[in-house]
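*Asks:* what's the 3D shape of this:
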Amino acid sequence: MASKLNMVPLMQATLELAQALIRQRSVTPNDAGCQSLIEARLARLGFSCERFEANGVSNLWARRGSARPLVVFAGHTDVVPTGPLEQWHSDPFVPSVRDGKLYGRGAADMKTSLAAFVTAIENLLAQNPNTPGSIGLLLTSDEEGPAIDGTVMVVNALKARRERIDFCIVGEPTCVDRLGDTVKNGRRGSLSAKLTVKGVQGHVAYPHLADNPVHRIAPALAQLAATQWDNGNEYFPPTTWQISSIHAGTGATNVIPGEVTVLFNFRFATASTPEALQQRVRAILDQHQLAYQIAWELGAKPFLTERGALVETISAAIKEVTGIDTQVSTTGGTSDGRFLSEISGELIEFGPTNASIHKINECVPLADIEPLAQIYQRTLARLLA
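*Replies:* Just a heads-up that it's a prediction; the model follows:
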């Protein structure tokens, strides 16, 4: 059956599957049947498929083979909302090919990557049905949402079964200007906090009868903003601290507020730990003798795959297909790689250009579709050789 599937040229097969996926209105956390389309293709190739579902979230874990190494493609079928439909030049859930691009919600993030995963696997197995090792595919419909019932659920199930991934490729759109220019080999961690500083509310005409918490916190915030948290390292820039919100007062100009609330966030490198950052923040707040409460939320731990078999293999494949010497990077926000890294020996992210992701008229260049599938196929073949 695999050989029959791959009588269709790689470009046509990948484009047609990407279009089929775009047609599914899979706004997070709704999968809308995307995983069923992919599961049907994989089942014909001998994959064993499992579903994990909770709170409207769909997850698919598919595996072919039991030998090592296990190479896994991972991604998400959910997309962000469209925004104002009247601003789209075509229906975001009716794939449109024009001006040398494929348009539709999810075209870049990340239904073209998913299609390329599948056709790369189909092509490889058509050429070598006895490919050694194991191939896996992990999909979720909860990446663009809170990510509570998504990839982390499958990872926990695999942990419980003591299944580990040797090499993992996440299909996030990583490239900046041209397909192949950037591979993500890690991501920074995210640590947020809600800080409330207490004062005494009063009349602005009688400040001696009140205690303004905004005035009290200002020197501490200045010190926090000026603090060098670490120096980063070879792969990560230094940790950053940013205020995202400050709120105080009743809305009246003649009332000294009784408390002020500050929301802030660390994007931190592997050079720091969440515990050390929290300790340093508390030390600064205590130094300024503030009456405060603070609640922390660790959104993501940083992860890193140093240059090794996976980075070098996909870099070589990118060079062969595109002629580009790719750059490794850890920039950007969080991804499901933070969960997968816990059970993966080596993990990278690689996918299309990201200029249009989450935007009106999201698109991917047609000229990038076949090369993307070729890069995935060559990388997979060499890791399994």
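*Asks:* quick one: the strands in the stretch 51-200 of the chain?
*Replies:* Here the stretch 51-200 of the chain has its strands, by DSSP state E, counting those that start in this stretch, at 57-64, 70-76, 96-98, 101-103, 134-140, 165-170, 182-184, 186-187, 189-198.
*Asks:* what's the closest of the ones you listed to residue 314?
*Replies:* strand 182-184 (6.1 Å; CB to CB). Every C-beta, even on glycine, is put in place using the N, C-alpha and C of the backbone.
*Asks:* if we can go back for a sec, determine which stretch of the strands of the stretch 51-200 of the chain is the most buried.
*Replies:* Stretch with highest mean neighbour count among the strands of the stretch 51-200 of the chain: strand 70-76 (a mean of 27; mean count of other CB atoms under 10 Å).
*Asks:* hmm, back to that, export the strands of the stretch 51-200 of the chain to a markdown table and append columns for distance to residue 285.
*Replies:* Listed next are these as a markdown table, based on distance: least, CB to CB, whole Å:
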| stretch | distance to residue 285 |
| --- | --- |
| strand 57-64 | 38 |
| strand 70-76 | 38 |
| strand 96-98 | 53 |
| strand 101-103 | 50 |
| strand 134-140 | 38 |
| strand 165-170 | 37 |
| strand 182-184 | 34 |
| strand 186-187 | 28 |
| strand 189-198 | 8 |
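*Asks:* Can you add mean pLDDT and distance to residue 231 and give those strands back as TSV?
*Replies:* Formatted as TSV, these follow (pLDDT from 0 to 100; distance: least, CB to CB, whole Å):
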stretch	mean pLDDT	distance to residue 231
strand 57-64	98	39
strand 70-76	98	32
strand 96-98	98	47
strand 101-103	98	41
strand 134-140	98	35
strand 165-170	98	28
strand 182-184	98	21
strand 186-187	96	17
strand 189-198	98	16
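*Asks:* So for residue 261, which of the ones you listed sits nearest?
*Replies:* strand 189-198 (5.0 Å).
*Asks:* Check which helices and strands the helix or strand hosting residue 320 sits against.
*Replies:* Here residue 320, judged by DSSP states H and E, is contained in helix 309-322. In terms of contacts (3 or more CB pairs under 8 Å, 6 or more residues apart in numbering; DSSP states H and E), helix 309-322 is packed against strand 165-170, strand 182-184, strand 344-349, helix 369-384.
*Asks:* Identify, out of the ones you listed, the most deeply packed stretch.
*Replies:* strand 165-170 (a mean of 25).
*Asks:* Next, format the helices and strands packed on helix 309-322 as CSV and append distance to residue 42.
*Replies:* Shown next, in CSV, are the helices and strands packed on helix 309-322 (distance: least, CB to CB, whole Å):
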stretch, distance to residue 42
strand 165-170, 16
strand 182-184, 25
strand 344-349, 20
helix 369-384, 14
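*Asks:* With just CA atoms, put stretch 361-380 into PDB.
*Replies:* C-alpha atoms of stretch 361-380 as PDB (Å, rounded to 0.1, in the frame of the first residue of the first chain):
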ATOM      1  CA  ASN A 361      -3.800  35.800   5.500                       C
ATOM      2  CA  GLU A 362      -1.500  33.200   7.000                       C
ATOM      3  CA  CYS A 363       0.500  31.400   4.300                       C
ATOM      4  CA  VAL A 364       3.400  29.300   3.300                       C
ATOM      5  CA  PRO A 365       5.400  29.500   0.000                       C
ATOM      6  CA  LEU A 366       4.500  26.700  -2.400                       C
ATOM      7  CA  ALA A 367       8.200  26.400  -3.300                       C
ATOM      8  CA  ASP A 368       9.000  25.400   0.300                       C
ATOM      9  CA  ILE A 369       6.500  22.500   0.600                       C
ATOM     10  CA  GLU A 370       8.400  19.800  -1.200                       C
ATOM     11  CA  PRO A 371      11.800  20.800   0.200                       C
ATOM     12  CA  LEU A 372      10.400  20.700   3.700                       C
ATOM     13  CA  ALA A 373       9.200  17.100   3.200                       C
ATOM     14  CA  GLN A 374      12.600  16.200   1.600                       C
ATOM     15  CA  ILE A 375      14.500  17.500   4.600                       C
ATOM     16  CA  TYR A 376      12.300  15.500   7.000                       C
ATOM     17  CA  GLN A 377      12.700  12.400   4.900                       C
ATOM     18  CA  ARG A 378      16.500  12.600   4.600                       C
ATOM     19  CA  THR A 379      16.800  13.400   8.300                       C
ATOM     20  CA  LEU A 380      14.600  10.400   9.200                       C
END
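*Asks:* who's in contact with residue 135?
*Replies:* 47, 63, 64, 65, 70, 71, 72, 73, 121, 380, 384 (CB atoms under 8 Å, 6 or more residues apart in numbering).
*Asks:* returning to what we had before: to residue 280, which of the helices and strands packed on helix 309-322 lies closest?
*Replies:* So among the helices and strands packed on helix 309-322, strand 182-184 is nearest, using CB to CB, at 27.8 Å.
*Asks:* Show me what the closest one is packed against.
*Replies:* Strand 182-184 packs on helix 309-322, strand 327-329, strand 344-349, going by 3+ CB pairs under 8 Å, 6+ apart.
*Asks:* quick one: contacts for the nearest residue to residue 92 once chain neighbours are set aside?
*Replies:* Closest residue to residue 92 apart from its sequence neighbours, by CB to CB, 6 or more residues apart in numbering: residue 105 at 3.9 Å. Applying CB under 8 Å, 6+ apart, we find residue 105 in contact with 22, 79, 80, 82, 92, 93, 362.
*Asks:* again, only this time at 6 Å
*Replies:* Counting by CB atoms under 6 Å, 6 or more residues apart in numbering, residue 105 touches 79, 82, 92, 362.
*Asks:* all helices for the stretch 1-150 of the chain, in order.
*Replies:* 2-5, 10-22, 34-43, 112-127 (DSSP state H, counting those that start in this stretch).
*Asks:* Going by mean pLDDT, which of those comes out lowest?
*Replies:* If you rank those by mean pLDDT, helix 2-5 sits at the bottom with a mean of 40.
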